[in-house]
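Undergrad: Kindly generate the corresponding structure for this input.
(one chain, ligands or ions: 2)
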Amino acid sequence: MCPDTGKAEAGHRGRKRLNAEENERVHFKEENKMTINNQAVETWIGEMAEMTRPDRIVYIDGSKEQIEELRELAVRTGEMIRLNQELLPDCYYYRTSPKDVARDEKRTLICTKTREEAGPTNNWTDPQEMYAKMKKLYQGCMKGRTMYVIPFSMGVPGSPFAKIGIELTDSVYVVLNMCIMTRVGAGAVRLLEEGADFTRCLHSKADLNENEKYIVHFPEDNAIWSINSAYGGNVLLGKKCLALRIASFMGRNEGWMAEHMLILGIENPQGEVKYICAAFPSACGKTNLAMLIPPELYRKQGYKVWTVGDDIAWLRVGEDGRLWAVNPENGFFGVAPGTNDRSNPNALATTKRGTIFTNVARNLDNNTVWWERLDKEPLVNGEDWLGRPWNGRESEEKGAHPNSRFTAPAENCPCVSSEFNSLTGVPISAIVFGGRRAKTEPLVYEARNWNHGVFMGASMSSETTAAANGAVGVVRHDPMAMLPFCGYNMADYFRHWLEMGRQVTDPPKFFHVNWFRTDEEGAFIWPGFGENLRVLLWMLDRCEHKVSAVKSPIGFQPDPRDIDLTGLDIAPETMKKLLSINLDIWKDEAAGIETFFSQFPDLPKELAEELTTLKKNLLIPTANPRNASSSIAV
Ligand code: SAT
Ligand code: MN
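TA: Ligands and ions are numbered 1, 2, ... in the order given. Sure, this is the predicted structure:
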């Protein structure tokens, strides 16, 4: 932004005035001053600065030096704590305000011109009304602060999948997280200078007033405004806000899909890799599945699992008629509690360098971090996530918040895929839907075809978790795990899925899984974690037509003998139980799906037909009794 490059007036005026007021508390080296030669960018930054009135504006280039200066600044101001640099090099610790610990779905809005465009599952307000309300809140909110300008790319810059954003924020924590989670700097700037459109992301922590907290999407303007929060999902605007809500809207208009899915590759002993996408709601084990370590038996045979992504997949139909996926992120924002050497050694290894830990407990003996189930040794001389002295042997309360997180660079991950930075992505063989269901859902079943797969995703339910504010453990419908992340009317979203199915000539197969089925005592029956590979391998065998399946009222199921249990202490009867379907429970499930669907006046007819088929298969009388045959449609 140097004055002699002849940029837009508004931007320059704003910038000059701000420079005059510049406060020299932080000194950034001259070479870190960037330019973004794009008039729309300049004008927008000028307008936002005019409204929020920061003392100074700093452009983020993503360089190591600049990141280091910001870390030092955060330590000096007390915003972050530098952790033990021998044990955890370049790792930092951060606490949010105690009431700002998760995504806030009630305060997240989709502001399209009409309410109908946002649909019945999203919070909606008229965009002009919301802009007016928020402009008042943003007025002067950065006075005395620095506004950071973060040009970033979701996806590898230059890939046909990539989308560019610029986030303006007054939070150093946000800058440092964005530098891990997205590709910040030169690549994005180059595309902006070539005239790329960009998502206008504005964030201010303001005064963290929870009554004025808003995370607002204006999909028609390609803009996101967030205020009064400093928690990840509400403020790292490249993530859920851009890469899911705004991207799902773009995808519908441009013919691709943005999904809440992990992407993993399974390499067989012959060295062939097949890729799977899987959608699970937040905090249901996506990171663990994405970084799965094969059980020893399989490792010895030569099986390997490679991580492409743990949270978000962007999907396009390739020239070959297959579905191709990229992970638009560059890091992992994973749930810390429960991550350990047994559950996910790869994730743990990923957090050992360059990681920001948020709301975990701190070990005061060695200035490292701790969380529930990290190890068997409870932390004795610690500080809990609220900063209070904490002794895990004595305290009844948790040391780490259940939604405490690590923000870790993907490049640290021991099993990161060689395709992680691929411009074209990876071809997808199977799409998996799943959630936490204690009883209803069997371990695994397969859809009959694409439309049935879409129905499977659209009718998904899961128990709520600590990833969002509100009650935990309540079963709710969460289609494709996108209920909190779909940026437009969910009925249109289902329609878009069905339309994509018409374009894919070599489609993946669809499966539904449930790792969380419990016995009479409430204990999980299936061991989960690495053992889940056994179920994934059955799926791949199905994709390659190597194994048959059994017809059931809800889809194809494995013959229990076809899931390899070698080396596992699971009796064949237990496997039968895991795969069993209770028809009475399923009749209730079908009624629940019908009620959920009834809120969409223009539900695609294909989904209504799939529901009718399910009801027929469950022998529920349907409107036309002549159709209620006892034959199972599979
Ligand atoms: O807080 S995030 O939305 O980024 C993580 C999640 O809830 O999946
Ligand atoms: Mn997620």
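Undergrad: if you average pLDDT over stretch 522-536, what comes out?
TA: Per-residue pLDDT values across stretch 522-536 average out to 96.
Undergrad: outside of that stretch, which residues touch it?
TA: Taking contacts as C-beta atoms under 8 Å, 6 or more residues apart in numbering, the residues outside stretch 522-536 that touch it are 266, 276, 285, 288-289, 292-295, 298, 303, 305, 342-344, 430, 438, 443-444, 513, 515-519, 563-565, 568, 570, 574, 577-578. All C-beta atoms are positioned from the backbone trio N, CA, C, and that covers glycine.
Undergrad: Tell me the buried residues in it?
TA: With burial defined by 16 or more other C-beta atoms under 10 Å, the residues of stretch 522-536 counted as buried are 525-526, 528-536.
Undergrad: and the stretch 251-400 of the chain, which residues reach ligand 2?
TA: With C-beta under 5 Å from the ion as the criterion, the stretch 251-400 of the chain meets ligand 2 at residues 282, 311.
Undergrad: Which single residue of the stretch 251-400 of the chain ends up nearest ligand 1?
TA: When C-beta to the nearest ligand atom is the measure, the stretch 251-400 of the chain has its nearest residue to ligand 1 at Ser282, with 3.2 Å between them.
Undergrad: Out of the contacts of stretch 522-536, which sit inside strands?
TA: With strands defined by DSSP state E, the entries of these inside them are 266, 276, 305, 430, 444, 513.
Undergrad: For the fourth one, the count of nearby residues, please.
TA: Put plainly, it is Ala430. Residues near Ala430, counting by other C-beta atoms under 10 Å, number 21.
Undergrad: need the contact list for it.
TA: When contacts are counted by C-beta under 8 Å, 6+ apart, Ala430 is found next to 274, 276-277, 508-511, 536, 539-540, 543.
Undergrad: Among those, which pair sits farthest apart?
TA: Lys274 and Phe510 (15.0 Å; C-beta to C-beta).
Undergrad: quick one, which of the two is more surrounded?
TA: Phe510 (25 against 21).
Undergrad: Give the closest residue to that one in space, chain neighbours not counted.
TA: With sequence-adjacent residues excluded and distances taken as C-beta to C-beta, 6 or more residues apart in numbering, Phe510 is closest to Gly453, at 2.7 Å.
Undergrad: Need the phi and psi values for the one you found.
TA: The main-chain torsion angles of Gly453 are listed as degrees, to the nearest 10 and equal phi -60, psi -40.
Undergrad: hang on, isn't it packed against Met460?
TA: No. With contacts counted by C-beta atoms under 8 Å, Gly453 stays clear of Met460, the gap being 11.3 Å.
Undergrad: Now for the closest residue to Pro389 other than its chain neighbours, how many residues are close by?
TA: Taking C-beta to C-beta, 6+ apart as the measure, Pro389 lies nearest to Glu383, with 6.3 Å between them; neighbours along the chain are not counted. Other residues near Glu383 come to 19 when the count uses other C-beta under 10 Å.
Undergrad: which parts of stretch 100-113 are buried?
TA: Using 16+ other C-beta under 10 Å as the test for burial, stretch 100-113 gives 100-105, 107-112.
Undergrad: Now, the residues you listed that are in helices?
TA: Secondary structure defined by DSSP state H assigns none of the buried residues of stretch 100-113 to helices.
Undergrad: filter those down to the ones near ligand 1?
TA: Of the entries in the buried residues of stretch 100-113, those that also sit close to ligand 1 under the rule C-beta under 6 Å from any ligand atom are Arg103.
Undergrad: Next, give me the two most distant ones among the buried residues of stretch 100-113.
TA: Val101 and Thr112 (28.9 Å).
Undergrad: which residues does the closest residue to ligand 1 within the stretch 101-250 of the chain contact?
TA: Using C-beta to the nearest ligand atom, Gly233 is the residue of the stretch 101-250 of the chain that sits closest to ligand 1, at 2.5 Å. Applying C-beta under 8 Å, 6+ apart to Gly233 gives the contacts 102-103, 239-240, 333, 467.
Undergrad: Contact residues of the stretch 301-450 of the chain facing ligand 1?
TA: Those residues of the stretch 301-450 of the chain that sit near ligand 1, judged by C-beta under 6 Å from any ligand atom, are Phe333.
Undergrad: from the stretch 301-450 of the chain, which residue is nearest to ligand 2?
TA: For the stretch 301-450 of the chain and ligand 2, the shortest gap (C-beta to the ion) falls at Asp311, measuring 4.4 Å.
Undergrad: Where do the helices of the stretch 451-600 of the chain begin and end?
TA: The residue ranges that make up the helices of the stretch 451-600 of the chain, judged by DSSP state H, counting those that start in this stretch, are 490-503, 532-543, 572-579, 583-597.
Undergrad: Burial-wise, tell me which of those helices comes out on top.
TA: Between these, helix 532-543 has the highest mean count of neighbours, a mean of 21, where neighbours are mean count of other C-beta atoms under 10 Å.
Undergrad: tilt between it and helix 572-579?
TA: Following axes from the mean of the first three to the mean of the last three C-alpha atoms, to 10 degrees, one obtains 70 degrees for the angle between helix 532-543 and helix 572-579.
Undergrad: which parts of stretch 57-66 are buried?
TA: Per 16+ other C-beta under 10 Å, stretch 57-66 contains these buried residues: 57-63, 66.
Undergrad: who in this protein is up against ligand 1?
TA: Going by C-beta under 6 Å from any ligand atom, the residues of the chain near ligand 1 are 103, 232-233, 239-240, 282, 333, 467.
Undergrad: Please identify which pair of those residues lies farthest apart.
TA: Spatially, the most separated pair among the residues of the chain next to ligand 1 is Lys239 and Ala467, at 12.3 Å (C-beta to C-beta).
Undergrad: Model confidence for the residue of the stretch 1-150 of the chain found nearest ligand 2, exactly?
TA: Residue nearest to ligand 2 within the stretch 1-150 of the chain: Arg103 (9.0 Å; C-beta to the ion). Arg103 carries a pLDDT score of 95 in this model.
Undergrad: doesn't Pro484 make contact with it?
TA: Yes. Contact status for Arg103 versus Pro484: in contact at 6.7 Å, counting by C-beta under 8 Å.
Undergrad: Show me the common contact partners of the two, please.
TA: When contacts are counted by C-beta under 8 Å, 6+ apart, Arg103 and Pro484 have 240, 282, 468 as shared neighbours.
Undergrad: so which of those residues is the most crowded?
TA: Lys240 (26 neighbours).
Undergrad: What helix or strand is the closest residue to it other than its chain neighbours located in?
TA: Closest residue to Lys240 apart from its sequence neighbours, by C-beta to C-beta, 6+ apart: Gly233 at 5.0 Å. Element membership of Gly233 [criterion: DSSP states H and E] is helix 232-235.
Undergrad: Ok, Trp324 next?
TA: Taking DSSP H and E as the definition, one finds Trp324 inside strand 323-326.
Undergrad: buried residues in that strand?
TA: Residues of strand 323-326 classed as buried: 323-326 (neighbour count, 16+ other C-beta under 10 Å).
Undergrad: So what are the sheet partners of it and their directions?
TA: On the basis of DSSP bridges, the sheet neighbours of strand 323-326 come out as strand 313-317 (antiparallel), strand 426-434 (antiparallel).
Undergrad: Helix or strand next in line after it, which one?
TA: Heading C-terminal from strand 323-326, the first helix or strand you meet, by DSSP H and E, is strand 331-335.
Undergrad: So which elements touch that next one?
TA: Under the contact criterion of 3 or more C-beta pairs under 8 Å, 6 or more residues apart in numbering; DSSP states H and E, strand 331-335 touches helix 172-181, helix 286-290, helix 345-350, strand 405-409.
Undergrad: Make a markdown table out of the contacts of Gly233 and add distance to Thr613.
TA: Formatted as a markdown table, the entries for these read as follows, by distance: C-beta to C-beta, whole Å:
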| residue | distance to Thr613 |
| --- | --- |
| Ala102 | 38 |
| Arg103 | 35 |
| Lys239 | 37 |
| Lys240 | 33 |
| Phe333 | 39 |
| Ala467 | 33 |
